[in-house]
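S.K.: Give me a 3D structure for the following:
(one chain, ligands or ions: 2)
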Amino acid sequence: MDSTIIQPLHLAWCSGALSGAPLLTKSTTLQDLPGVFADHTCWQSLAGSKPVYHVEMFATPDRPGELYTGVTHLMPGKVGEEFFMTRGHFHARREQGEVYIGLRGEGLLLLQDEQNSTRLERVYPGSVHTIPGFTAHRLINTGNEILSALAVWPCSAGHDYSALKNGFALRVVDDAGSVRVMEVNHD
Ligand code: PAN
Ligand code: ZN
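M.R.: Ligands and ions are numbered 1, 2, ... in the order given. Sure thing, here's the model as predicted:
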């Protein structure tokens, strides 16, 4: 066995910055999120290239059994009264779960299973979220600063953005300074 001590990868707890190996970054702007926010007119007026979130992850080889490690940085902001959020997805391999850990900021993790049952978990520095298989997930930034969360998930999980045909069954809005959860009527 090689006795060399290897310098590990690094996560800065407070900022969520990853270092120590090549990184991949994906930025998502408002323009990339048509149909995600309820107020389409407001979305159109803001759209452009306003950044909503960045995902930074280690460039892990996509081999069976490997895990991706990434951090989502979700900006504070709203479209109308609705807080900025990630697009949200099921994993293409539905049975595969994921772990999220809150690093900075405050927000919510919206979970929705295939029967459309929903659950919201509060995200804050140190919060731990075990996302089971068969469960769609979306981060929502309800605070005034960047919400950053670490995620670890199987490389084989894949992302399925089209399965939520009617979107998520809950929306989270700013109601005169309070966080209000609204049920969506799909009729
Ligand atoms: C996360 C998400 C990330 C961005 O890394 O991919 O928060 O959200 P969307 O993929 O919904 O745009 C994750 O859940 N990976 O599986
Ligand atoms: Zn995921």
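
S.K.: is stretch 84-104 anywhere near ligand 1?
M.R.: Yes. Stretch 84-104 is in contact with ligand 1 by C-beta under 6 Å from any ligand atom, via 86-89, 98. To be clear about C-beta, it is placed using only N, CA and C from the backbone, and glycine gets the same treatment.

S.K.: Specify the beta-bridge partners of Thr130.
M.R.: Residues in a beta bridge with Thr130, per DSSP bridges, are Val99.

S.K.: Tell me how many other residues crowd it.
M.R.: Residues near Thr130, counting by other C-beta atoms under 10 Å, number 10.

S.K.: in terms of contact, does it touch Ile101 like I think?
M.R.: No. At 10.2 Å, Thr130 does not count as touching Ile101 under the criterion of C-beta atoms under 8 Å.

S.K.: sorry, back to before: farthest pair in the residues of stretch 84-104 next to ligand 1?
M.R.: Using C-beta to C-beta, these span at most 15.0 Å, a distance reached by Arg87 and Glu98.

S.K.: Next, work out how far apart Arg63 and ligand 1 are.
M.R.: To ligand 1, Arg63 is 17 Å away according to C-beta to the nearest ligand atom, to the nearest Å.

S.K.: ignore the last one, Val55
M.R.: Using C-beta to the nearest ligand atom, we find Val55 at a distance of 5 Å from ligand 1.

S.K.: same check, this time on Gly48
M.R.: 19 Å.

S.K.: That residue: what's it in contact with?
M.R.: 29-31 (C-beta atoms under 8 Å, 6 or more residues apart in numbering).

S.K.: just His159 next, same as before
M.R.: Applying C-beta under 8 Å, 6+ apart to His159 gives the contacts 89-92.

S.K.: OK, contacts around the residue nearest in space to the middle of the chain?
M.R.: For the chain, Leu139 is the residue whose C-alpha lies nearest the centre (C-alpha atoms, centre = their mean; 4.1 Å). Leu139 makes contact with 53, 72, 74, 85-86, 100, 107-110, 123, 147, 149 under the criterion C-beta under 8 Å, 6+ apart.

S.K.: Around ligand 1, pick out the residues from the protein.
M.R.: 28, 55, 70, 72, 86-89, 98, 137, 139, 151, 153, 157, 159.

S.K.: Quick check: of those residues, which has the highest neighbour count?
M.R.: Comparing the residues of the chain next to ligand 1 on neighbour count, Leu139 comes out first with 26 neighbours (neighbours: other C-beta under 10 Å).
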